[in-house]
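Chemist: Pasting a predicted model and its sequence here:
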Amino acid sequence: MRDPITTRFPWIDASITSTLAEPAEAYDSLRNQYHSTRILILLEQEIQNLQVNRLLGVTHFDLFVPGLNFVFGEARLPGRVGIISTYRLKASSRSKAGLFVERVVKEAIHEIGHMVGLEHCSDTSCVMYFSNTLADTDYKGPDFCGKCRSQVRIQIE
């Protein structure tokens, strides 16, 4: 069985690389959160040292961008780097088994979608729909709608 990332992006060779140090320069002590755009800058520097086309960071830090209380992730659109946070994706003990993994997969696919040039989608069931809440993430599917799927195909052709 193929993993959920390479199922949606068959041209991507996904692998786990080294762990980066805590991005102290991205920490905002007033918010007690990490500025995700600053982390993207660090990832852009890190990707220069790696033999990869794209880099998706996964962190447990709570992320934000100015103007929003938090974000589940951020990526360059289009670009080579993105980040997702597991901080707010955790499932309660009453949630169904596997919900945390489903959320992480959806947000990873979403941010990689941005990296390959997809913008947010208005279809609430599309993985490219902007998740403002966990309910949004839980409602949307792990797949692209027809319009977004056709745009991804254009990217690989």
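Modeler: Ah, there it is.

Chemist: Give the other helices and strands that the lengthiest helix in the chain contacts.
Modeler: Longest helix of the chain, by residue count under DSSP state H: helix 99-115. The contact analysis (3 or more Cβ pairs under 8 Å, 6 or more residues apart in numbering; DSSP states H and E) places helix 99-115 against helix 4-8, strand 55-59, strand 73-75, strand 81-85, helix 134-139. For glycine as for every other residue, the C-beta is placed from the backbone atoms N, C-alpha and C.

Chemist: Need those in CSV (columns: distance to Ile41 and mean neighbour count).
Modeler: CSV is the format used below for the helices and strands packed on helix 99-115 (distance: least, Cβ to Cβ, whole Å; neighbours: other Cβ atoms under 10 Å):
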stretch, distance to Ile41, mean neighbour count
helix 4-8, 24, 16
strand 55-59, 12, 20
strand 73-75, 11, 24
strand 81-85, 9, 26
helix 134-139, 26, 15
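
Chemist: can you put these in JSON lines and add mean pLDDT and distance to Ala26?
Modeler: Output for those, formatted as JSON lines (pLDDT from 0 to 100; distance: least, Cβ to Cβ, whole Å):
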{"stretch": "helix 4-8", "mean pLDDT": "81", "distance to Ala26": "25"}
{"stretch": "strand 55-59", "mean pLDDT": "92", "distance to Ala26": "10"}
{"stretch": "strand 73-75", "mean pLDDT": "97", "distance to Ala26": "11"}
{"stretch": "strand 81-85", "mean pLDDT": "95", "distance to Ala26": "10"}
{"stretch": "helix 134-139", "mean pLDDT": "96", "distance to Ala26": "23"}
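
Chemist: Averaged pLDDT, the longest helix of the chain. What do you get?
Modeler: Mean pLDDT, helix 99-115: 94.

Chemist: now it and strand 55-59, what's the angle there?
Modeler: 150 degrees (axes from the mean of the first three to the mean of the last three Cα atoms, to 10 degrees).

Chemist: tell me which residues in helix 99-115 are buried?
Modeler: 99, 102-115 (16 or more other Cβ atoms under 10 Å).
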